[in-house]
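A.B. asks: I would like the atomic coordinates for the input below:
(one chain, ligands or ions: 2)
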Amino acid sequence: MKINSICCLGAGYVGGPTMAMIASKCPHIQVTVADMNAQRVDAWNSDVLPVYEPGLDAVVASARGRNLHFTTEIRAAVAAADLIFVSVGTPTKSYGIGAGRAADLRYVESAARLIAEVSHGHKIIVEKSTIPVKTASAIKAILAANSSSEATFDVLSNPEFLAEGTAVADLENPDRILIGGELTPGGNAAVEALVSIYAQWIPRQRILTTNLWSSELSKLVANAFLAQRISSINSISALCEATGADVDEVASAIGMDSRIGPKFLKASVGFGGSCFQKDILNLVYLCESFGLPHVAEYWRQVVHLNDWQKSRFVEKIVRTLFNTVNNKRIAVLGFAFKKDTNDTRESPAIYVCRDLLREHAHLAIYDPRVSPDAIRNDLAHVGVSPELIATNVEISTNPYAAAAGAHALVTLTEWDEFRTLDLPRIYDLMLKPAFVFDGRAVLSNESLTALGFESFVIGKGQ
Ligand code: NAD
Ligand code: UDX
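C.D. replies: Ligands and ions are numbered 1, 2, ... in the order given. Predicted coordinates:
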């Protein structure tokens, strides 16, 4: 099975960068990324890409117009392809059965129906989206029931493990590529065809092939384990604050045990992003559906602890500011869910800001990459009224403008530029006492204290 032409449905944070990397590494394959969102497609075809990722501009520039194309002509792109990645959104369902936990698979289903309608001959369909285990069965059933008699399909699972902010490095040099397929001669040939694409730049021993269900499930489990580490260290951050221990020292001490390892032990105001919460809730729902309530409850705690971490941070701010933030200006540094991305999905900043606004604080928010519109939309989305946004939310163009006249400075994203802030200047600009609440431990606690700030850093006992 030789692949000459690839189509990817979904030009989002995964589809765009992943296809750009494949096109850049496989100049002999035509790669077309198709999406109905014309604004997004236009942006992919422009100099200002819709996704901010360090190094992505160069990868796109190396292939766009040669063998990388972005289009809204979805049907034509699917019809022309030998292999189709489905990289559409799979958000948490907000209605009906499984609301708040199950994955909403309507975009996956509509993609499968569209593929069935326009396909002739043989095509390989690859699940790139993160989906519940057994989704490949549903896709196969839809394809079989809606396609013409001469169309045939193999369905593979190939979950994506890139993290935002490091997507290009992760795609260029992944820990592993996972491909699940059916254990039939046709299934094996389809797996081999996909393996040969990745093998253009990734050593074979890092390309793992499994059965379909192991591959689908592994993606949810990987994210659940990563998020669990963050909730574990965040739970310890509260104990550190209560006892005088320092969570970073504890993390270093335990992380040097090679069985534990040092990564993903950074205490924070909570994890965010479009994946962790959604995928754990999806796992919880799967466990409930398969009659495993104890397993479901175990994983649900990871999300509960994360919610508690955000709300206890807000409580700390309000209590420290003499039990009221009413009418007080608070400088908020960082709104993205992590550094080096413009993505704000499920960012802890959204919930911290919402709760401070409920206490009638005035917020001056600065983020180097997130647009003012995105910040306002996110706050409106979690129920902050348009009036409150208009009167109590100011978007600042730099950290110093945000800090001017503020009672408190709050860091919510670990942008590198916050590590080199001119702290004496910030101190002079603020009202006294000048409070700092460092939700990412990016500021030097010793410098803050020496300068006269009243500081609280996540996980640092007094
Ligand atoms: P996204 O919302 O950024 O992009 C999805 C895109 O799919 C949208 O632009 C939407 O318009 C498009 N779309 C929906 N239905 C379509 C259809 N029928 N045809 C063509 N386009 C269609 O989502 P994302 O962050 O790229 O995530 C996509 C999937 O990858 C999700 O399942 C997610 O869980 C998974 N994932 C995301 C990340 C991440 O870091 N964002 C990492 C790994 C896996
Ligand atoms: C995650 C997974 O890492 C990736 O493999 C998967 O494909 C998609 O989901 P992403 O959400 O993009 O990637 O970023 P990640 O680096 O995992 O960070 C997620 C959140 O956890 C961020 O809010 C980050 O600030 C937070 N985090 C991460 C911590 O609070 N502490 C840590 O030690 C690591």
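A.B. asks: Would you mind pulling the contact partners of the helix or strand hosting residue 33?
C.D. replies: Taking DSSP states H and E as the definition, residue 33 sits inside strand 30-34. For strand 30-34, the external contacting residues (CB atoms under 8 Å, 6 or more residues apart in numbering) are 4-11, 15-16, 19, 22-23, 44, 63, 67-74, 77-78, 80-81. Just so you know, the C-beta spots here come from the backbone N, C-alpha and C atoms, and that holds for glycine as well.
A.B. asks: Can you name every helix or strand that the one helix or strand in the chain whose mean pLDDT sits lowest contacts?
C.D. replies: Least confident helix or strand of the chain, by mean pLDDT, DSSP states H and E, is helix 445-451 with a mean of 92. On a contact count with 3 or more CB pairs under 8 Å, 6 or more residues apart in numbering; DSSP states H and E, helix 445-451 meets helix 423-429, strand 435-438, strand 454-457.
A.B. asks: if you set the cut-off to 6 Å instead, what comes out?
C.D. replies: Counting contacts by 3 or more CB pairs under 6 Å, 6 or more residues apart in numbering; DSSP states H and E, helix 445-451 is packed against helix 423-429.
A.B. asks: hmm, back to that, list the neighbouring strands of the strand holding residue 33 plus their orientation.
C.D. replies: Strands that pair with strand 30-34, judged by DSSP bridges, come out as strand 5-9 (parallel), strand 68-71 (parallel).
A.B. asks: If we go by neighbour counts, what in the helix or strand following it is buried?
C.D. replies: Proceeding N to C from strand 30-34, the next assigned helix or strand is helix 38-44, under DSSP H and E. Judged by neighbour count (16 or more other CB atoms under 10 Å), helix 38-44 contains these buried residues: 40, 41, 43, 44.
A.B. asks: Is the top helix by length along the chain in proximity to ligand 1?
C.D. replies: Secondary structure assigned by DSSP state H gives helix 212-243 as the longest helix of the chain. No - using CB under 6 Å from any ligand atom, helix 212-243 stays clear of ligand 1, coming no nearer than 7.3 Å.
A.B. asks: just checking, what packs against whichever helix or strand comes after that helix?
C.D. replies: Next in sequence after helix 212-243, counting helices and strands by DSSP H and E, comes helix 247-255. With contacts taken as 3+ CB pairs under 6 Å, 6+ apart, helix 247-255 sits against helix 212-243.
A.B. asks: Run the chain-centre distance for the helix it packs on.
C.D. replies: The chain centre lies 15 Å from the centre of helix 212-243; the measure is CA atoms, centre = their mean, to the nearest Å.
A.B. asks: Okay, angle between that helix and helix 247-255 too, please.
C.D. replies: In terms of direction (axes from the mean of the first three to the mean of the last three CA atoms, to 10 degrees), helix 212-243 departs from helix 247-255 by 130 degrees.
A.B. asks: what mean pLDDT does helix 212-243 have?
C.D. replies: Helix 212-243 shows a mean pLDDT of 98 in the predicted model.
A.B. asks: what does stretch 60-72 give?
C.D. replies: 98.
A.B. asks: quick one: contacts of that stretch?
C.D. replies: 11, 20, 23-24, 27, 30-34, 38, 41, 44-45, 77 (CB atoms under 6 Å, 6 or more residues apart in numbering).
A.B. asks: Now list the buried members of the contacts of strand 30-34.
C.D. replies: By neighbour count, with 16+ other CB under 10 Å, the contacts of strand 30-34 hold 6-11, 15-16, 19, 22-23, 44, 63, 67-72, 74, 77-78, 81 as buried.
A.B. asks: So which of the buried residues of helix 38-44 would count as near ligand 2 as well?
C.D. replies: Counting by CB under 6 Å from any ligand atom, nothing from those sits close to ligand 2.
A.B. asks: Looking at those, which is nearest ligand 1?
C.D. replies: Set against ligand 1, the nearest of these by CB to the nearest ligand atom is residue 40 (5.2 Å).
A.B. asks: who are the neighbours in contact with that closest one?
C.D. replies: With contacts defined as CB under 6 Å, 6+ apart, residue 40 is in contact with 11, 50.
A.B. asks: and it, what pLDDT?
C.D. replies: pLDDT for residue 40: 98.
A.B. asks: got it, and residue 24?
C.D. replies: 98.
A.B. asks: where does residue 168 land in three-state SS?
C.D. replies: Here residue 168 is helix, with the state taken from DSSP: H, G, I helix; E, B strand; the rest coil.
A.B. asks: doesn't residue 55 make contact with it?
C.D. replies: Yes - if you go by CB atoms under 6 Å, residue 168 and residue 55 touch, sitting 3.8 Å apart.
A.B. asks: When those two are compared, which one has more neighbours?
C.D. replies: A count of neighbours by other CB atoms under 10 Å puts residue 168 above the other of residue 168 and residue 55, at 20 against 14.
A.B. asks: From residue 439, how far off is that one?
C.D. replies: Separation of residue 168 from residue 439 (CB to CB, to the nearest Å): 27 Å.
A.B. asks: do residue 449 as well
C.D. replies: Residue 449 sits 18 Å away from residue 439 when distances are taken as CB to CB.
A.B. asks: Next: residue 227.
C.D. replies: According to CB to CB, residue 227 stands 17 Å off from residue 439.
A.B. asks: Between the two, tell me which one has more neighbours.
C.D. replies: Shown here are residue 227 and residue 439; by other CB under 10 Å, residue 439 has more neighbours (29 against 23).
A.B. asks: what's that one sitting at in phi/psi?
C.D. replies: phi -80, psi 0 (degrees, to the nearest 10).
A.B. asks: Determine how far the least confident helix or strand of the chain lies from the middle of the whole chain.
C.D. replies: When distances are taken as CA atoms, centre = their mean, helix 445-451 is centred 33 Å away from the chain's centroid.
A.B. asks: OK, contacts around residue 278?
C.D. replies: Each residue near residue 278 by CB under 6 Å, 6+ apart is listed here: residue 92.
A.B. asks: hang on, it in a helix?
C.D. replies: Yes - assessed with three-state DSSP, residue 278 lies in a helix.
A.B. asks: all strands for the stretch 101-250 of the chain, in order.
C.D. replies: Counting by DSSP state E, counting those that start in this stretch, the stretch 101-250 of the chain has strands at residues 122-127, 152-157, 177-181, 207-211.
A.B. asks: Give me every residue in this structure lying close to ligand 2.
C.D. replies: By CB under 6 Å from any ligand atom, the residues of the chain that approach ligand 2 are 160-164, 223, 226, 230, 264-266, 268, 271-273, 275-276, 337-338.
A.B. asks: now with 5 Å?
C.D. replies: Counting by CB under 5 Å from any ligand atom, the positions of the chain adjacent to ligand 2 are 161, 163-164, 230, 264, 266, 268, 271-273, 275, 337-338.
A.B. asks: Just the buried subset of these, please.
C.D. replies: 161, 164, 230, 264, 266, 268, 271, 272, 273, 275, 337, 338.
A.B. asks: Looking at these, which are in helices?
C.D. replies: Per DSSP H, helices hold the following members of these: residue 230.
A.B. asks: Just give me the closest of the buried ones among the residues of the chain next to ligand 2 to residue 394.
C.D. replies: Proximity of these to residue 394 (CB to CB) peaks at residue 337, which lies at 21.4 Å.
A.B. asks: Tell me the buried residues in stretch 314-333?
C.D. replies: Neighbour counts over stretch 314-333 (16+ other CB under 10 Å) mark 314, 317, 318, 321, 325, 328, 329, 330, 331, 332, 333 as buried.
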